[in-house]
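Visitor: Build me a model from this:
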Amino acid sequence: MTDPEDLAERVREGDLRLHELEEHADHDTAAEARRLLIERETGTELEAIGDYAFPAEQADPNVENMIGAAQVPMGVVGPVPVNGEETGSADGGAATGEYYLPLATTEGALLASVNRGLGVLRSAGGAEARVTKNGMTRAPVFRVEGVAAAAETVEWVEDNLETLREAAESTTSHGELLDIEPYVVGDSVFLRFAFDTKDAMGMNMATIATGEACEVVEAETPASLVALSGNLCSDKKPAAINAVEGRGRSVTADAVIPGELVEERLHTTADAIAEANTRKNLIGSAKAGSLGFNAHAANVVGAAFLATGQDEAQVVEAANTITTMDAREREDSTTDLYASVSLASLEVGTVGGGTKLPTQAEALEILGLRGGGDPSGSNADALAEIIAVGALAGELSLLGALSSRHLASAHEDLGR
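Guide: Next comes the predicted model:
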């Protein structure tokens, strides 16, 4: 067996580079050698970082220069009550029943707040959730001589969608090209490809498929590819196009909370929550120039992403959430609360990427959503719907706390 001390010394002397260690030892020994080097170079003991519970080789597709693992506390909320028809029906959602939702976070009081909201939703009979749109995007940018060449390129693309679909889909056994939307800015042509990537989050799938189609565009038009991603996709950045057109899954969850339940469990009224939402989430967000009009949807999305192996940087798009709260008067003059969240760009998958890591795979097992669904895409749809209901619960709980002026006292009580 290769000695990690020897490997660390060879790196320190410049004989080896950090990324070359797996060529000379197994993955765990290579990780140990890097820890030894970093400990000596920085004077930091890496005992906790080096205490991980899976073979380092299993993380090889997910990280380079591995030294260990970051451990984030994980809790569970629920059960999350999601109402829908049978999976795959024309009008039903993919998630039906009650689910325990794993959330990984370092923010105290978050899970307690979400659980409170879920308790209210359960008492109200659950929440509805539906994926309303699906399409992972990649938008390459091309150079042309001018507007005439741009128009020629766009016309060819629009007339030859099937040719481009055939080229793109030749790279994948699962993905389907849904559409290509052209945008022209001077001598730049952007083509926003949208793919159904089934149960995969699908960023790599979309990139490879788009690259194949771009070769056809270059061969048949005056356009020259400058970059496979032209930022009109738009990945991991706040972008109005994602808020409007969607990216990944667009999903909405809603519920009607009886007025008596609002008063009993949230210690406020439907009118008060609706006003707080309007003034805070809608007017306040508009004044701030925010793309998200919500209280803290990214809290739940981020915690769910860490727990289930999603790409955590894509939380920025998931914050493109609009929360609505309306007071609805019943015939007996009781006022109920209609509550909803609409997440325009929730990028999730149940296969590939971080979902294959042991901890994250177990979290998906808790949900019953590990791996591919039947029909294909149904597991990722269900995950999106469950996360949306979790976000709805978080919005309901926080707005209830704000409108009853209990937010600060709740944090004090929990010592957070």
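Visitor: Ser345 sits in which helix or strand?
Guide: strand 335-346 (DSSP states H and E).
Visitor: Which elements pack onto that strand?
Guide: The contact analysis (3 or more C-beta pairs under 8 Å, 6 or more residues apart in numbering; DSSP states H and E) places strand 335-346 against helix 240-245, strand 248-257, helix 259-266, helix 270-276, helix 297-308, helix 315-318, strand 321-329, helix 378-403. To be clear about C-beta, it is placed using only N, CA and C from the backbone, and glycine gets the same treatment.
Visitor: List the buried residues for that strand?
Guide: By neighbour count on 16 or more other C-beta atoms under 10 Å, the buried set for strand 335-346 is Thr335, Asp336, Leu337, Ala339, Ser340, Val341, Ser342, Leu343, Ala344, Ser345, Leu346.
Visitor: Make CSV out of the residues you listed and add pLDDT and distance to Ala239.
Guide: Putting these into CSV (pLDDT from 0 to 100; distance: C-beta to C-beta, whole Å) gives the following:
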residue, pLDDT, distance to Ala239
Thr335, 95, 37
Asp336, 97, 35
Leu337, 98, 31
Ala339, 98, 26
Ser340, 98, 23
Val341, 98, 19
Ser342, 98, 16
Leu343, 97, 14
Ala344, 96, 10
Ser345, 97, 8
Leu346, 97, 14
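Visitor: of the residues you listed, closest to Val144?
Guide: Nearest to Val144 among these: Ser345, at 28.9 Å, using C-beta to C-beta.
Visitor: before we move on, the earlier item: model confidence over the helix or strand that comes right after the strand holding Ser345, on average?
Guide: Next helix or strand after strand 335-346 toward the C-terminus (DSSP H and E): helix 358-367. Averaging pLDDT along helix 358-367 yields 97.
Visitor: Now do the contacts for the residue sitting nearest the centre point of the chain.
Guide: Centrality entry for the chain: nearest residue to the mean C-alpha point is Glu347, 4.0 Å, by C-alpha atoms, centre = their mean. Neighbour list for Glu347: Met136, Met201, Met203, Arg247, Gly248, Arg249, Gln310, Asp311, Gln314, Glu317, Ala318 [criterion: C-beta atoms under 8 Å, 6 or more residues apart in numbering].
Visitor: okay, and for the protein, where does confidence drop off?
Guide: For the chain, applying pLDDT under 70 flags the ranges 1, 84-92, 406-416.
Visitor: JSON lines please, covering the helices and strands packed on strand 335-346 and showing mean neighbour count and distance to Ala94.
Guide: Converted to JSON lines, those look like this (neighbours: other C-beta atoms under 10 Å; distance: least, C-beta to C-beta, whole Å):
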{"stretch": "helix 240-245", "mean neighbour count": "17", "distance to Ala94": "22"}
{"stretch": "strand 248-257", "mean neighbour count": "25", "distance to Ala94": "10"}
{"stretch": "helix 259-266", "mean neighbour count": "18", "distance to Ala94": "27"}
{"stretch": "helix 270-276", "mean neighbour count": "21", "distance to Ala94": "29"}
{"stretch": "helix 297-308", "mean neighbour count": "26", "distance to Ala94": "15"}
{"stretch": "helix 315-318", "mean neighbour count": "26", "distance to Ala94": "18"}
{"stretch": "strand 321-329", "mean neighbour count": "20", "distance to Ala94": "19"}
{"stretch": "helix 378-403", "mean neighbour count": "28", "distance to Ala94": "4"}
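Visitor: Now Pro258. Nearest residue, chain neighbours left out?
Guide: In this structure, Pro258 finds its nearest non-sequential neighbour in Asp336, 5.4 Å apart by C-beta to C-beta, 6 or more residues apart in numbering.
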